[in-house]
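S.K.: Sequence first, predicted model second:
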Amino acid sequence: MKRLLTTALTVIVLTISPFAVAQQLDIVQIMGQFVQASYATSRCSKPDQKTLSNFLANFKVVSFRAVEELKKRNSNQSEQQIIDGLKQRSSAVEKAIDEAIRTNGCTDPRIQDLLKRFEIQATLKL
């Protein structure tokens, strides 16, 4: 589980507020949802090894595509600058999720939604 968290925090992005749902998602927003689901799962669940492996494989694909998209959008920034910017945004995700867990526990409906999303993201065939 620590590996999941470490991987997730390596390239974190949050282009929409935590728990928000966008009508049209792009790859960067999708990555943000993967990050949210990953963090919530690391705090509230213990997926089996197969589910975790599948999620991480999909997260890797989404992360790569999101970074490539951000390079296009921010051609004046290096890849390292983009990654550093993504890392900076991770604290907002963590704080929002930690606050929801602190206030309502892992049974918080928003957390439960993220745990379900993790399971769905693990089953995607990317």
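M.R.: Thanks, I have it. Here the structure is a predicted model, which means the values were calculated and not measured. Residues are numbered from 1 along each chain as shown.

S.K.: Which helix or which strand is home to the residue of the chain most remote from its centre?
M.R.: With distances taken as CA atoms, centre = their mean, the residue sitting farthest from the centre of the chain turns out to be residue 76, at 24.9 Å. With elements delineated by DSSP states H and E, residue 76 resides in a region that no helix or strand encompasses.

S.K.: and it, how far is that from residue 53?
M.R.: Here the distance between residue 76 and residue 53 works out to 37 Å (CB to CB, to the nearest Å). All C-beta spots, glycine's among them, are computed from the backbone N, C-alpha and C.

S.K.: After the helix or strand bottoming out on mean pLDDT in the chain, which helix or strand is next? Please name it.
M.R.: For the chain, the helix or strand with the lowest mean confidence is helix 2-10, at a mean of 38 (criterion: mean pLDDT, DSSP states H and E). On the C-terminal side of helix 2-10, the nearest following helix or strand under DSSP H and E is helix 27-44.

S.K.: Remind me what that next one packs against, helices and strands.
M.R.: If you count contacts as 3 or more CB pairs under 8 Å, 6 or more residues apart in numbering; DSSP states H and E, helix 27-44 packs onto helix 2-10, helix 49-73, helix 79-104, helix 109-123.

S.K.: how about those helices in CSV, adding distance to residue 35 and mean neighbour count?
M.R.: Supplementary listing: these in CSV, determined by distance: least, CB to CB, whole Å; neighbours: other CB atoms under 10 Å:
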stretch, distance to residue 35, mean neighbour count
helix 2-10, 6, 15
helix 49-73, 8, 16
helix 79-104, 6, 15
helix 109-123, 10, 17
